[in-house]
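Undergrad: how would this look folded up:
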Amino acid sequence: MKTLNEKLNGLRRELRDRKARVMILGLGSVGNYLLDYILSSGDEGLEICVAGRNREKMVSDVNIVKVASLIRGQNRCGVDVMAGVDLNDISAIRDCIRAWKPDALVPVPVHYTRKRERGYNQAEVLAKVIGGKMGIPVEGRLVRRVRKTLPQKLLGDRERQNNLKRAFKIDRNDVKLKTVIIIDDIYTTGSTVDACAAVLKCAGVKKVYFITAAIGKELL
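TA: Prediction:
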């Protein structure tokens with residue numbers, strides 16, 4: 001079993017060299033620890049947003065973490081505070097997602113042979129539920145998986161990246177979406193999300209976010 005430091009180092013590798021927006025829901029002991037760790041990466045390309053109910057408390061917590069990071073010479077990225085978010089209220093979390101102003105939800109596709117065997121794509125089912133509840137269109141056929149890849153859970157980090165090379169393709173030439181949210185059922189190393197985001201970016205999408213139902217145990 002991996003130690004906490006090994007898991008956090010895995011997170012650091014995933015965030016390195018990536019223009020990412022990280023949203024931390026709640027600044028309890030775990031949230032503060034995660035914020036401190038991410039700030040310690042010194043990555044100027046990261047956009048960090050913390051969301052919770054009490055602005056005054058969150059600003060205080062963020063400032064404490066930022067001062068500690070500044071003393072270490074690692075404070076290079078900004079932190080936005082989104083207050084008034086009751087993490088026990090699903091509608092408040094819904095408002096956080098709406099703040100991204102998505103044009104559409106894009107579920108991670110499965111290969112047609114796997115979908116035929118299973119009878120459904122779990123990411124698409126999740127996207128349709130979220131889209132239906134929030135009134136956001138779901139583009140289930142925008143990205144197509146053109147290679148039947150091995151299950152990611154069976155592979156190591158480098159094998160996962162190679163497994164997904166040229167696995168996805170955009171099925172339209174006139175993509176007019178500016179902001180999309182990729183939907184997947186589980187996030188482990190981010191290789192699948194990265195591969196989908198890459199083809200969306202190449203098609204002209206300006207901003208790509210993602211939502212996942214769960215995080216794999218290898219990450220945190």
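Undergrad: the strands in the protein, which residues?
TA: 21-25, 47-51, 79-82, 104-107, 143-145, 168-170, 179-187, 207-215 (DSSP state E).
Undergrad: buried ones in the biggest helix by length in the chain?
TA: Secondary structure assigned by DSSP state H gives helix 55-71 as the longest helix of the chain. For helix 55-71, burial by neighbour count (16 or more other C-beta atoms under 10 Å) applies to Met58, Asp61, Val62, Val65, Lys66, Ser69. Every C-beta, even on glycine, is put in place using the N, C-alpha and C of the backbone.
Undergrad: pLDDT wise, what is the residue of the chain most remote from its centre at?
TA: For the chain, the largest distance from the centre (C-alpha atoms, centre = their mean) belongs to Ile71, which lies 29.2 Å off. Looking at Ile71, its pLDDT reads 72.
Undergrad: OK, contacts around it?
TA: With C-beta atoms under 8 Å, 6 or more residues apart in numbering as the criterion, no residue contacts Ile71.
Undergrad: so it versus Pro107, what's the distance?
TA: 43 Å (C-beta to C-beta, to the nearest Å).
Undergrad: look up the pLDDT of Leu164 for me, please.
TA: Confidence score, pLDDT, at Leu164: 68.
Undergrad: do the same with the one 3 residues further on
TA: According to the model's per-residue confidence, Ala167 sits at a pLDDT of 79.
Undergrad: surely it touches Val110?
TA: No. Taking contacts as C-beta atoms under 8 Å, Ala167 lies outside contact range of Val110: 10.7 Å.
Undergrad: shared neighbours of the two, anything?
TA: Jointly contacting Ala167 and Val110 under the rule C-beta under 8 Å, 6+ apart are Arg145.
Undergrad: state the distance from Arg116 to Val110.
TA: In terms of C-beta to C-beta, Arg116 sits 10 Å off from Val110.
Undergrad: those two: which has the busier surroundings?
TA: Val110 (19 against 9; other C-beta atoms under 10 Å).
Undergrad: what does the pLDDT read for that one?
TA: pLDDT, read off for Val110, is 88.
Undergrad: residues contacting it?
TA: Listed by C-beta under 8 Å, 6+ apart, the contact set of Val110 reads Arg118, Asn121, Ala123, Arg145.
Undergrad: I figured the third one hits Arg114, correct?
TA: In this case it means Ala123. No. If you go by C-beta under 8 Å, Ala123 and Arg114 don't touch, sitting 11.8 Å apart.
Undergrad: neighbour-wise, which of these two wins?
TA: Just comparing Ala123 and Arg114: by other C-beta under 10 Å the higher neighbour count belongs to Ala123, 24 against 14.
Undergrad: what's opposite the closest residue to that one other than its chain neighbours in the beta bridge?
TA: Nearest residue to Ala123, sequence neighbours excluded (C-beta to C-beta, 6 or more residues apart in numbering): Pro107, at 3.9 Å. As for beta bridges, Pro107 partners with Ile183 under DSSP bridges.
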